[in-house]
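[1] The following comprises the amino acid sequence and a computationally predicted model.
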Amino acid sequence: MTVEIMDKTKIKTSCLINNYNYAPFLSEAIDSALNQTVKFDEIIIVDDASTDNSAEIINKFTQVANVKSILKEQNQGQLSSFNEGFLAATGDILFFLDADDIYEPEYLENALNFYNRRSECDFVFCAYKKFGAVEGTFKDDAVDLDLGYSVIRTLYNGEWIGSITSTLSIRREIVRKFLPIPNLEDWRVRADDCLVWGASLVGAKKFYMSKPFVMYRIHENNQYHNKSFLDVDKNYEYKRFWKRNSLFNYILQKNNFSYPLLLAFTSIRELQTIPCPKYQDFVTYLKIIFLFEHSLYWKIKGIIFLFSYFLKILISGKLKTL
């Protein structure tokens, strides 16, 4: 298959690999970042004070010119590694990779083509293949999608519009608006929540890439997939709700954001940034307007306008169906 040639001179890329005690998988992850058909400008490996031989493996790779390492002295969790990697990175677009996952060789080339074709794109996540203890392909949709902006639906509905860490890439100008985040203990695991929610709250325009360019390894230590931590802590989701609130408050304060005065109007404007919205998108914004718009006048007007816009999209054939 022929892949179009892009002008890479204008975009500098950083790959941020976070690792903790994944020595058996680490070399394969780093190799996958090194062996891209279009090379990363820099690869930064952040080791979160591993107790296995990860540091020894990392030191061998730092002999390569564009590979840097940060060997932390204290284990502080995944968010801490994201913070450290971001502060060290110089790329225009940051790519995140868990040390037990793998990039397909053409991932960066295709991602850069994607960004170059869509100058308004701030945040991309792609489909992925599971391998190891479980195999299969995970796709949000069969085609590439422009998901528009998601400030309102994230702020009021807590929507999580993204995917696992290793499928994410974000423009630096977006990431700097929410990283570094000080709440390290809250996000020792599942810190991709901070990337996904944070990007939405600071106004990233999100896109989905339907080809699976990432290999997501399933193994006994993969907490996110196995949900083993939920067996230990039955109140995990309740605690995560309060962690989310704390995270949102921090990001809003950091960026001097305030809740919109005309919520119904702003909600509909946000919905209109999705070129081909789904039925569920209309349901989401209807729920937000109905529950959170304080002005009865704007609540009614917003609901009427929402239904008229739904009919317009339906008649035009732009309503996205599953």
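    Received the coordinates, thanks. Numbers count the residues shown, from 1 in each chain.

[2] Show me the strands in the stretch 151-300 of the chain, by range?
    168-171, 206-218 (DSSP state E, counting those that start in this stretch).

[3] Quick check: which of those is nearest to Ile58?
    Of all the strands of the stretch 151-300 of the chain, the one in closest proximity to Ile58, counting by C-beta to C-beta, is strand 206-218 (18.3 Å). Where C-beta positions appear, they are placed from N, C-alpha and C, glycine not excepted.

[4] My understanding was that Ile274 contacts Ser150; is that so?
    No: contact between Ile274 and Ser150 fails when scored by C-beta atoms under 8 Å: they sit 9.0 Å apart.

[5] With neighbour numbers in mind, choose between these two.
    Ser150 (28 against 19; other C-beta atoms under 10 Å).

[6] quick one: the closest residue in space to that one that isn't next to it in sequence and Thr154, what's the gap?
    Once flanking residues are discounted, Ser150 sits nearest to Ser200: 4.4 Å by C-beta to C-beta, 6 or more residues apart in numbering. Using C-beta to C-beta, to the nearest Å, we find Ser200 at a distance of 4 Å from Thr154.

[7] Mutual contacts of the two, please.
    Here Ser200 and Thr154 have Ile161 as joint contacts, going by C-beta atoms under 8 Å, 6 or more residues apart in numbering.

[8] before we move on, the earlier item: tell me the most buried of the strands of the stretch 151-300 of the chain?
    strand 168-171 (a mean of 23; mean count of other C-beta atoms under 10 Å).

[9] Asn59: helix or strand, and which one exactly?
    Per DSSP states H and E: Asn59 is located in helix 54-61.

[10] Now do the next helix or strand after that helix: everything it contacts.
    Downstream of helix 54-61, the next assigned helix or strand under DSSP H and E is strand 67-71. Counting contacts by C-beta under 8 Å, 6+ apart, the residues outside strand 67-71 that touch it are 30, 34, 42-47, 49, 55, 58-59, 61-62, 84-85, 88.

[11] Show me the residues you listed that map onto strands.
    Within the contacts of strand 67-71, residues falling in strands by DSSP state E are Glu42, Ile43, Ile44, Ile45, Val46, Asp47.

[12] Tabulate the residues you listed (a markdown table), appending neighbour count, distance to Ile304 and pLDDT.
    As requested, the ones in strands among the contacts of strand 67-71 are exported to a markdown table (neighbours: other C-beta atoms under 10 Å; distance: C-beta to C-beta, whole Å; pLDDT from 0 to 100):
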| residue | neighbour count | distance to Ile304 | pLDDT |
| --- | --- | --- | --- |
| Glu42 | 18 | 52 | 98 |
| Ile43 | 24 | 53 | 98 |
| Ile44 | 25 | 51 | 98 |
| Ile45 | 29 | 54 | 98 |
| Val46 | 25 | 51 | 98 |
| Asp47 | 25 | 56 | 98 |
